[in-house]
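S.K.: Sequence and computational prediction follow.
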Amino acid sequence: MRTENLSDNTLIKQFVNGDTLAFEALLARYQKKIYTYIYLSVKRKDIADDIFQETFIKVIRSLKDGKYAESGKFAPWVVRIAHNLTIDYFRSQRQSNECCNSNTDGLFVTGEEFSDLNAEERAVKLQIQKDVRQMLDFLPSEQREIVLMRYYLNMSFKEISGMLNININTALGRMRYAILNMRKMVEESKKVLVA
């Protein structure tokens with residue numbers, strides 16, 4: 001059986017038993033979403049690369065040490081590790097007073113998303129993505145975090161609330177306020193975000 005057809009838990013068991021291809025399949029399955037989440041949080045490619053690498057080093061160590069409990073929740077577990085490492089990064093930045101560069105143009109475009117579009121449609125879609133990423137920067141961190149988890153990681157509100165240790169209604173409320181704030185930004189800037 002091909003590794004892409006196997007469940008996360010099966011791949012984890014195979015990896016723990018020495019099959020490195022099983023871990024490569026897990027990595028391939030989640031790397032884009034995890035990296036995008038990290039990058040949109042820190043807004044610097046070099047920092048995102050470091051946190052991404054550190055995330056999966058921690059995942060490997062935890063799996064090898066038997067610290068992952070099989071619950072069918074591998075993806076939220078990895079996101080939680082990435083989230084905690086991102087928070088650690090911001091804490092260290094606060095202590096050293098560094099700022100981040102927020103150049104997010106041109107990232108996270110995949111051929112799959114744009115393969116059926118003509119040049120004009122691709123340009124419009126890219127501009128919409130750029131505008132949305134810029135608006136995310138102006139949201140309060142609690143709202144931005146919910147939007148990133150929901151739309152970039154496709155997490156359910158139940159998963160988000162569990163990961164952030166907040167009530168599901170709090171997560172829903174933050175999403176609602178994020179959407180309202182983004183609508184207000186669109187109205188104030190007179191942007192049209194329709195493809």
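M.R.: Perfect, I can see it now.

S.K.: mind checking how far the closest residue in space to E54 that isn't next to it in sequence is from R176?
M.R.: In space, and not counting its chain neighbours, E54 is closest to L85: 5.5 Å by CB to CB, 6 or more residues apart in numbering. Heads up, the C-betas are built off the backbone N, CA and C, glycines and all. Using CB to CB, to the nearest Å, L85 is found at 28 Å from R176.

S.K.: For these two, work out which one has more neighbours and name it.
M.R.: A count of neighbours by other CB atoms under 10 Å puts L85 above the other of L85 and R176, at 19 against 12.

S.K.: and the strand or helix carrying the more buried one, what's its mean pLDDT?
M.R.: Using DSSP states H and E, L85 maps to helix 74-96. When pLDDT is averaged along helix 74-96, the result is 84.

S.K.: Stretch 8-23: which residues count as buried?
M.R.: Neighbour-count burial for stretch 8-23, counted by 16 or more other CB atoms under 10 Å, picks out 8, 11-12, 14-15, 22-23.

S.K.: How about stretch 71-78?
M.R.: Taking 16+ other CB under 10 Å as the criterion, stretch 71-78 shows 73-78 as buried.

S.K.: The helix or strand harbouring E120: what's the following helix or strand?
M.R.: Element membership for E120 (DSSP H and E) is helix 119-138. Using DSSP H and E, the helix or strand that follows helix 119-138 towards the C-terminus is helix 141-147.

S.K.: Point out the other helices and strands that the next helix-or-strand element following that following helix packs with.
M.R.: Beyond helix 141-147 on the C-terminal side, the first helix or strand identified by DSSP H and E is helix 157-164. Where contact means 3 or more CB pairs under 8 Å, 6 or more residues apart in numbering; DSSP states H and E, helix 157-164 is packed against helix 74-96, helix 168-189.
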